[in-house]
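*Asks:* Here's my sequence, what's the structure:
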Amino acid sequence: MRLLLVEDDERVAAALAAVLARHGFDCVHARNGEEALAALLPGTGAPFGCVLLDLGLPDQDGFEVCGKIRKRTSTPVIMVTARADTRSKIHGLNLGADDYVVKPYDTGELLARIHAVGRRT
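*Replies:* This next block holds a predicted model:
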């Protein structure tokens, strides 16, 4: 499965991309919302099976990015963020996220959630 990892922290992105690659995922890294939205445009490569979306991005809020993704594609979105409050979780899911994972997370759980949304599409 091809994944779009939207994460501005280079260390976090590199570590997660390495884990995902070890589990057979092809991971494309976007550092901000604009890069993420550009990567999702038709003609930019094979379609993504899932978007892993951080909320704390430097150019725009991840909630805003999620709303824009939903207007462009039905690709599953898993929010992966440090925002643990219930209000943020509800808001993200109501915007169209398929799942919401709070950092720090167990890698096995994140992989299971990626597989779960992949089975539904």
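*Asks:* what sits against Ala17?
*Replies:* With contact taken as CB atoms under 8 Å, 6 or more residues apart in numbering, Ala17 is in contact with Leu5, Cys27, His29. Using the backbone N, CA and C atoms, a C-beta is placed for each residue, glycine as well.
*Asks:* Phi and psi next, for it.
*Replies:* phi -60, psi -40 (degrees, to the nearest 10).
*Asks:* Would you mind giving me the confidence score for it?
*Replies:* Turning to Ala17, the model gives it a pLDDT of 97.
*Asks:* Same question for Thr44.
*Replies:* With respect to pLDDT, Thr44 scores 76.
*Asks:* what about this structure, any weak spots by pLDDT?
*Replies:* Filtered on pLDDT under 70, the chain yields no residues whatsoever.
*Asks:* Going along the chain, name the strands of this structure.
*Replies:* 2-6, 26-30, 50-53, 77-81, 99-102 (DSSP state E).
*Asks:* Could you dump the ones you listed into CSV with mean neighbour count and distance to Val117 added?
*Replies:* Shown next, in CSV, are these (neighbours: other CB atoms under 10 Å; distance: least, CB to CB, whole Å):
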stretch, mean neighbour count, distance to Val117
strand 2-6, 23, 11
strand 26-30, 19, 15
strand 50-53, 26, 6
strand 77-81, 24, 6
strand 99-102, 18, 6
